[in-house]
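> sequence plus predicted model, see below.
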Amino acid sequence: MSNIQSVPAIPIRDDPLQNAQWKNWFLQLTRNVNGTWGVSNGGTGINTYTIGDLLYASAATTLSKLADVAAGSYLRSGGVATAPVWSTTTLPNSATIGDLLYSSAANVYSNLADVATGNALISGGVATAPSWGKIGLTTHISGTLAVGNGGTGIVSLTVNRIPYGNDTSAFQSSADLTFNGTNLVVGSAGWTASKTAATGLTAQANARFAHGTSALATTATEGFMHVQSCAGTPTGVPASIPTGQIPMVYDSTNHRIYAYSGAWRSVAVA
């Protein structure tokens with residue numbers, strides 16, 4: 001600061017503003033001072049600014065200007081004894097409840113808007129924004145769901161085999177329990193059951209059929225073997241007869257049991 005005119009001693013008065021000599025020697029900053037008021041005298045040492053400039057101490061007795069930058073940057077500490085800086089990363093100016101921040105480009109954060117309940121945050125892949133969505137069982141799941149968590153513990157099935165429980169361990173399957181869409185096969189002895197629209201349910205096996213392990217009581221009402229019946233003498237020729245088997249039917253009108261072996265043969269039931 002220079003060219004400040006010397007001010008003579010002015011006696012202190014009760015009302016110095018009314019003293020003409022005092023008024024004549026008021027320091028006029030716009031007329032009696034030139035140069036820039038330095039920091040050591042309480043000034044800034046700066047006489048021009050651009051809109052958005054910020055002042056900061058760049059040295060013990062020096063103030064400097066930090067120029068404004070693009071919208072979204074924030075003021076970041078440069079560290080102890082280091083000038084502050086504007087961030088390279090930019091942030092959005094607003095947010096809605098539920099929004100998540102994500103990097104939408106290099107050094108740019110954006111808001112990912114919230115969506116309906118039940119959606120999950122799913123990675124879009126490397127260098128791709130995430131998104132909300134449903135978990136795809138074929139695209140987002142790995143591993144095998146164990147029996148203890150409601151799964152089967154197996155990841156592949158053998159054609160026609162029927163999986164069955166194995167306590168808390170993974171389901172099992174066997175060649176002794178299969179179904180090909182028509183025939184149900186149980187056991188190595190080859191018990192087979194099949195059902196077609198023409199013949200209904202057919203069972204084939206070298207086995208015994210019994211209700212329980214003891215004889216039926218004379219007063220029993222359940223546990224009987226049932227045979228098809230017809231009202232009168234059967235005349236149709238049975239088709240698709242398995243080898244070693246014969247069809248049977250009961251004539252409920254004439255009370256006769258019929259068996260077919262090349263022809264219908266019968267015995268009377270007393």
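Looks like it arrived, so ask away. Numbers count the residues shown, from 1 in each chain.
> neighbours of residue 251, how many?
19 (other C-beta atoms under 10 Å). Yep, even glycine has a C-beta here, placed from its N, CA and C like the rest.
> check it and give its pLDDT.
Per-residue pLDDT puts residue 251 at 97.
> residues in contact with it?
Residue 251 is in contact with 229-234, 257-258, 266, counting by C-beta atoms under 8 Å, 6 or more residues apart in numbering.
> just the buried members of the residues you listed?
234, 258 (16 or more other C-beta atoms under 10 Å).
> which ones among the contacts of residue 251 are found in helices?
Of the positions in those, not one sits in helices, assigned by DSSP state H.
> would you mind confirming that residue 95 makes contact with residue 111?
Yes - using C-beta atoms under 8 Å, residue 95 makes contact with residue 111 at a distance of 5.7 Å.
> between those two, which one's more packed in?
residue 111 (17 against 12).
> please identify which helix or strand holds that one.
strand 108-112 (DSSP states H and E).
> now swap in residue 48 and tell me
Counting by DSSP H and E, residue 48 is part of no helix or strand.
> okay, now it: neighbour count?
7.
> for residue 87, same thing?
13.
> okay, strands next: where are they in the stretch 51-200 of the chain?
Under the criterion DSSP state E, counting those that start in this stretch, the stretch 51-200 of the chain contains strands at 54-59, 62-66, 73-76, 85-90, 100-105, 108-112, 120-122, 131-133, 164-166, 169-172, 177-179, 183-186, 191-196, 200-204.
> out of the ones you listed, deepest packed?
Of all these, strand 183-186 has the most neighbours on average by mean count of other C-beta atoms under 10 Å, namely a mean of 17.
> what is the end-to-end distance of stretch 229-243?
Using C-alpha to C-alpha, to the nearest Å, the end-to-end distance of stretch 229-243 comes to 23 Å.
> pLDDT averaged over it - what is it?
Here the average pLDDT along stretch 229-243 is 92.
> one more: stretch 160-180?
91.
> can I get it in CSV, CA atoms only?
In CSV, the C-alpha atoms belonging to stretch 160-180 read as follows (Å, rounded to 0.1, in the frame of the first residue of the first chain):
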residue,chain,number,x,y,z
ASN,A,160,-37.0,-92.7,-16.3
ARG,A,161,-35.7,-93.1,-12.7
ILE,A,162,-37.9,-91.7,-9.9
PRO,A,163,-36.0,-89.9,-7.2
TYR,A,164,-36.9,-90.8,-3.6
GLY,A,165,-36.0,-89.5,-0.2
ASN,A,166,-32.9,-90.5,1.7
ASP,A,167,-33.4,-88.9,5.2
THR,A,168,-31.6,-85.6,5.3
SER,A,169,-29.1,-86.6,2.5
ALA,A,170,-29.5,-86.0,-1.2
PHE,A,171,-32.3,-87.8,-3.0
GLN,A,172,-31.5,-91.1,-4.6
SER,A,173,-32.7,-93.0,-7.6
SER,A,174,-32.5,-96.6,-8.7
ALA,A,175,-33.2,-98.9,-11.7
ASP,A,176,-35.7,-100.7,-9.4
LEU,A,177,-38.0,-97.7,-9.5
THR,A,178,-38.7,-96.3,-13.0
PHE,A,179,-41.5,-94.8,-15.0
ASN,A,180,-41.3,-94.2,-18.8
